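Colleague: After the sequence you'll find the predicted model.
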Amino acid sequence: MDKYEEAVLEALTNAGKPLKSGEVAKATGLDSKVVAKVIKGLQKQDKVHSPKRCFYAPGSK
């Protein structure tokens with residue numbers, strides 16, 4: 001897992017609620033395009049899921 005994945009997962013875990021990718025970008029200080037790409041990769045690994053459209057949370061469904 002790279003530093004971007006760790007930062008995104010940490011932000012989602014610490015939030016305690018589903019976040020939009022823009023909120024994750026703000027929390028991590030990463031560019032929103034980077035966050036979107038990282039979230040997509042984490043979804044493929046089942047480390048992040050989307051409980052509702054455009055919102056993301058840690059873990060699988």
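Modeller: Now that the structure is in, tell me what you want to look at.

Colleague: what ranges do the strands span in this structure?
Modeller: Taking DSSP state E, the strands of the chain run over residues 48-49, 57-58.

Colleague: Contacts for the last one, please.
Modeller: In this case it means strand 57-58. Strand 57-58 is contacted from outside by 9, 12-13, 17-19, 47-51, using CB atoms under 8 Å, 6 or more residues apart in numbering. Quick note: C-beta positions are derived from backbone N, CA and C, even for glycine.

Colleague: And for V8, the neighbour number?
Modeller: A count of nearby residues for V8, using other CB atoms under 10 Å, gives 28.

Colleague: That one and A15: what is the separation?
Modeller: Look at V8 and A15: by CB to CB, to the nearest Å, they are 11 Å apart.

Colleague: do you know how far D31 is from P58?
Modeller: For D31 relative to P58 (CB to CB), the value is 21 Å.

Colleague: neighbour-wise, which of those two wins?
Modeller: P58 (17 against 11).

Colleague: residue ranges with poor pLDDT in the chain?
Modeller: 60-61 (pLDDT under 70).
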